[in-house]
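> pasting the sequence and the predicted model now:
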Amino acid sequence: MEKVNLAEKLSCFDDHWHPRIVGELNGQHVKLVKFQGPFVWHHHEAEDELFLVVKGSFRMELRDRAIELRAGEFLIVPRGVEHRPVAEEEVEVLLFEPASTLNTGNVVNDRTVARLERL
């Protein structure tokens with residue numbers, strides 16, 4: 001059992017859209033990721049996802065609306081809901097989701113990260 005310092009872990013990488021695992025519990029992963037620019041439209045058939053903004057802000061685009069998220073706020077995207085995160089400037093985000101969750105959901109492309117690094 002070790003404590004996790006989010007700022008310290010986030011300082012270990014600079015790339016965008018490449019989540020890292022920083023914790024695991026009950027079949028769930030706690031991940032850290034940095035976003036900048038638009039991601040791909042996608043959905044997850046079997047998993048809900050929690051996005052918690054650690055630093056910065058981003059917009060979660062849904063097909064019928066967009067939700068702005070700032071530091072200290074989180075959003076749960078239910079399984080099956082098509083979504084696309086967009087960050088005008090770099091944002092640091094904590095993700096909480098089942099270990100089986102593929103970052104690009106139902107889409108496989110150059111941003112798909114099949115094997116996640118642990119920090």
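Received it, and whenever you're ready, just let me know what you need.
> relative to residue 103, how far out is the spatially most central residue of the chain?
The residue lying closest to the centre of the chain (Cα atoms, centre = their mean) is residue 95, at 4.5 Å. Applying Cβ to Cβ, to the nearest Å, the value for residue 95 to residue 103 is 9 Å. The C-beta positions use only the backbone N, C-alpha and C, and glycine is treated the same way.
> mutual contacts of those two, please.
Residues touching both residue 95 and residue 103 by Cβ atoms under 8 Å, 6 or more residues apart in numbering: residue 19.
> on that earlier part again, per-residue pLDDT, the residue nearest to the centre of the chain?
Confidence at residue 95, expressed as pLDDT, is 96.
> tell me the SS of residue 2?
Secondary structure state of residue 2, per DSSP: H, G, I helix; E, B strand; the rest coil, is coil.
> burial count for it?
By other Cβ atoms under 10 Å, 5 other residues sit near residue 2.
> model confidence score at it, please.
Looking at residue 2, the pLDDT reads 90.
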